[in-house]
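sharing a model prediction with you, sequence too.
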Amino acid sequence: MDPLFDRDALRDRLSDDDQMVTEIVQLFLTDLPVHLAAIDVALRERNWKALRAAAHTLKGTASNLSADRLAQASRDLEHSAACERM
């Protein structure tokens, strides 16, 4: 199985600053439950606008972390919400 994120790509983007990599990963792990909860609520309420916004936010966060699979899944969810289909 592929790793959650591409650590080398993240390190490259952060000029090989391992402390910053650790901080970014910790922030991501702290914020992830909030993002997932927002997606869960939006799905249960069929609130497409809120779902699109939550997926968009998670997509950006995942992209910043070099978590490409999560970013793509978030992009797909954002697109589905924009089309109001789930």
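All right, it came through fine. Residues are numbered from 1 along each chain as shown.

how about residue 58, what does it touch?
35, 36, 39, 70, 74 (C-beta atoms under 8 Å, 6 or more residues apart in numbering). (C-beta placed from N, C-alpha, C; glycine too.)

again, 7 Å this time
By C-beta atoms under 7 Å, 6 or more residues apart in numbering, the contact set of residue 58 is 35, 39, 74.

what helix or strand is the last one on?
Using DSSP states H and E, the element containing residue 74 is helix 68-82.

now do that helix: distance to the chain's middle.
Distance of helix 68-82 from its chain centroid, counting by C-alpha atoms, centre = their mean, to the nearest Å, is 9 Å.

kindly report the same for stretch 27-35.
Put simply, stretch 27-35 sits 9 Å off its chain's centre (C-alpha atoms, centre = their mean).

buried residues in it, which are they?
28, 32, 35 (16 or more other C-beta atoms under 10 Å).

for residue 16, state which of these is nearest.
residue 28 (18.7 Å; C-beta to C-beta).

how near is the closest one to residue 20?
12 Å (C-beta to C-beta, to the nearest Å).

just to revisit the earlier point, in strands, which of the buried residues of stretch 27-35 appear?
The members of those all map outside strands under DSSP state E.

what is the nearest of those residues to residue 51?
residue 35 (11.6 Å).

which pLDDT value belongs to that closest one?
Residue 35 is assigned a pLDDT of 97 by the prediction.
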